[in-house]
Structures are given as C-alpha cells and as structure tokens.
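1. turn this into a model:
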Amino acid sequence: VAGLLALRGALPPPDAATVTAAVLAGQLTIGWGNDLRDLPRDRAAGRADKPLATGDLPVGTVAYALAAAALACLVLSALTGWRGALVNVLLVTGAGHAYNLGLKATRWSWAPYACAFGALPSVVTLAGPGTAWAPAWATGAGAALGVGAHLLNTLPDLADDERAGVRGLPHRIGERPSRAL
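-> Model prediction:
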C-alpha cells in the first residue's frame, strides 16, 4: 500500500522505493516484535503456524532480524526527510509497537490501527516536494481501513486470545459485530 501511494503521489521512483522500504522495515519490526512478545502465549496455545512457537526458528535469529529491521527503518525513514521519518517511526511503526506492548488487550486496541493506517498517506506526502500532510479524507479513509483490518485480523484468534486474557475491542463486542463493522 505504501508503494502504491508513493507511486500515485508522483514521487520519483527512487523516493517511492525508499518510502516503501522504510514502511516495510517498520512493519517487519512490528511483526517480529509481536512474535517475540507472544512467544509464551503461542507455545501455550500450541500454535503450529508460528515457527518460533514450534522451535523451528531460533529466538536469536528473530531478535537479530528485528534489530536489523529497526536500524533499516530509522535509516530509510531519515532518507525520506525528517517529517516523513517522524510520521513513519512514531505514528506508523510506533503505533504498531504500542499495540504489541499492551493496547491489544484493551478496549483501545483499535486506536493503533487507526493511527498507523491513517498516518500512512502522510508518510508519502511528507516525503514529497510539497511536504504537506495528506488530505483529511485520505487520513480518515486510512484510519477506517485500519480499524476494519484490526477487527477482521483478530477474528481467527478470538478464542485463544480470550483464554490468554487478551480482551481488545473485537473480544468485547464479539465476532458478529466485529465482522459487520
């Protein structure tokens, strides 16, 4: 999505590639950070789809990859310009880590998704020659898409999450309302 927004935002191809890589690196840190943080829970739940939980992938390998991706995110983000860098590191990537570090178990579980998806268009526009925030409609559409992604992404894990004490918004409102929203 970042790449498509960058190309559609008329960024020169090298700048579009840098923005895309910066966002990707940040997303890798979120995913790997989540896998490391949830490792005990994933093992207890018998998650056969998680290589860390099954022991097929060493924890040290993921920790190293996480550190490398974090460094790449910072460097690549800086190459987009300081405004885009701050938005990517703090509002997009930072929101994902805030979710992983505790917000996912609260009624505010939707907020990091709204923040990250809503801020993503601005990572692109702030990297461009005009260095302006994305239009409100793009921010709002991104935020709505993020909340929808959160609700749908959580559905397969509702039962396991409940057993582990994770009670985000989808758990509180239930499967049917989450699917409808």
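
2. which elements pack onto the helix or strand where R176 lies?
-> Assigned by DSSP states H and E, R176 falls within helix 175-180. Under the contact definition 3 or more Cβ pairs under 8 Å, 6 or more residues apart in numbering; DSSP states H and E, helix 175-180 sits against helix 136-154. Quick note: C-beta positions are derived from backbone N, CA and C, even for glycine.

3. could you give the mean pLDDT of the helix it packs on?
-> For helix 136-154, mean pLDDT rounds to 96.

4. wait, T125 touches A134, no?
-> Yes: with contact defined as Cβ atoms under 8 Å, T125 reaches A134; the gap is 4.7 Å.

5. ok, back up a step: can you tell me what sits against the helix holding R176?
-> Helix 175-180 is contacted by residues L151, L152, T154, L155, L158, L169, P170 when judged by Cβ atoms under 8 Å, 6 or more residues apart in numbering.

6. now a ChimeraX select for only the buried ones of those residues.
-> In ChimeraX, this line selects whichever of these come out buried by 16 or more other Cβ atoms under 10 Å:
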select :151,154,158,169,170
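
7. buried set for whichever helix in the chain runs longest?
-> As assigned by DSSP state H, the longest helix anywhere in the chain is helix 13-37. If you call a residue buried by 16+ other Cβ under 10 Å, then helix 13-37 has these buried ones: 15-16, 18-23, 25-35.

8. and the nearest residue to L39 once chain neighbours are set aside, how many neighbours does it have?
-> Leaving aside its sequence neighbours, L39 sits nearest to L52 (Cβ to Cβ, 6 or more residues apart in numbering; 5.4 Å). L52: 19 surrounding residues under other Cβ atoms under 10 Å.

9. and L52, what helix or strand is that in?
-> Using DSSP H and E, L52 falls within helix 51-54.

10. now that helix, how far from the chain's geometric center?
-> Taking Cα atoms, centre = their mean, to the nearest Å, one finds helix 51-54 lying 21 Å from the centre of the chain it belongs to.

11. average pLDDT for that helix?
-> 95.

12. ok, and what's touching that helix?
-> Helix 51-54 has contacts (Cβ under 8 Å, 6+ apart) with D35, L36, L39, D42, R43, A45, G46, R47, A48, L57, V59, V62.

13. distance of the nearest residue to the second one once chain neighbours are set aside relative to P51?
-> Which is L36. With Cβ to Cβ, 6+ apart as the criterion, L36 has its nearest non-adjacent residue at 6.0 Å, and that residue is V62. As judged by Cβ to Cβ, to the nearest Å, V62 and P51 stand 9 Å apart.

14. quick one, which of these two is more surrounded?
-> Neighbour totals were compared for V62 and P51, and V62 leads with 18 against 14 (other Cβ under 10 Å).

15. in which helix or strand does that one reside?
-> Using DSSP H and E, V62 falls in helix 59-79.
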